[in-house]
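In: Can you look at this prediction? I've put the sequence above it.
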Amino acid sequence: MELIALDKDQVASLYNERMVHDFKKGYTFLVRQGKRYLVDYLAVYPEERDKGRGATILKLLSEYITDAEIMIVEVEDPFYAESSEEKEIQERRISFYLRNNCVDTGVRVRCFGVPFILISFLDKSSLDRSTVWEVYQSFYRAVLPKKMFDANIELISYADLGE
């Protein structure tokens, strides 16, 4: 399994084959935002479904992103799950990340109505919760109009992680 940086033609092909029905903004939006925010489009090959695939992807990402101070992952908060099945899936997902060297930052947010736990992909224990929140906000402030940001990005709480 390998992580590959996609060129413009590969992104177009991937969009047309897989994303055209799911991603409503369109290919032009992807390209424009990619140039504006210096986005790297990445793909994992081959596509076989094997055990350990997620852990391998995390490892490949950590090798690819070597100069990042922090990388934040939004994971749905099982506290707000609407069913026991949904809660179980969300708890398993969080456990996966924590088993694979990610850490719960203790920051709880709501993004476009969805409650998330923010997990740090790169363990920088010196980062405090307010710094994580600032980094998280700065991303969304950069990509959303102010009115949309104000209406959709919210700090719920700083969780007590029993430290």
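Out: Structure's in. What do you need? Residues are numbered from 1 along each chain as shown.

In: got the domain boundaries for the protein?
Out: What the record gives for the chain is the domain set 1-65, 68-163, from automatic domain parsing.

In: can these go into TSV with extra columns for mean neighbour count and mean pLDDT?
Out: C-betas here are computed from N, CA, C, even on glycine. Output for the domains of the chain, formatted as TSV (neighbours: other CB atoms under 10 Å; pLDDT from 0 to 100):
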stretch	mean neighbour count	mean pLDDT
domain 1-65	12	70
domain 68-163	15	88
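
In: Which neighbouring elements make contact with the top strand by length along the chain?
Out: Using DSSP state E, we find that the single longest strand of the chain is strand 103-111. Contacts defined by 3 or more CB pairs under 8 Å, 6 or more residues apart in numbering; DSSP states H and E place strand 103-111 against strand 72-76, strand 114-120, helix 129-143, strand 153-158.

In: Go ahead and name everything in contact with the shortest one.
Out: Judged by CB atoms under 8 Å, 6 or more residues apart in numbering, the contacts made with strand 72-76 from elsewhere in the structure are 90, 93-94, 97, 102, 105, 109, 111, 114-121, 132, 135-136, 139.

In: Quick check: next helix or strand after that strand?
Out: Next helix or strand after strand 72-76 toward the C-terminus (DSSP states H and E): helix 84-99.

In: Put the alpha carbons of that following helix into CSV.
Out: Extracted in CSV, the C-alpha atoms of helix 84-99 (Å, rounded to 0.1, in the frame of the first residue of the first chain):
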residue,chain,number,x,y,z
SER,A,84,-26.8,2.4,20.2
GLU,A,85,-25.5,1.1,16.8
GLU,A,86,-24.3,4.6,15.8
LYS,A,87,-22.7,5.0,19.3
GLU,A,88,-20.8,1.7,19.0
ILE,A,89,-19.4,2.6,15.5
GLN,A,90,-18.3,6.0,16.7
GLU,A,91,-16.6,4.6,19.9
ARG,A,92,-14.8,2.0,17.7
ARG,A,93,-13.6,4.7,15.4
ILE,A,94,-12.2,6.8,18.4
SER,A,95,-10.6,3.6,19.8
PHE,A,96,-8.9,3.0,16.5
TYR,A,97,-7.3,6.5,16.4
LEU,A,98,-6.2,6.2,20.1
ARG,A,99,-4.6,2.8,19.5
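
In: Much appreciated, bye for now.
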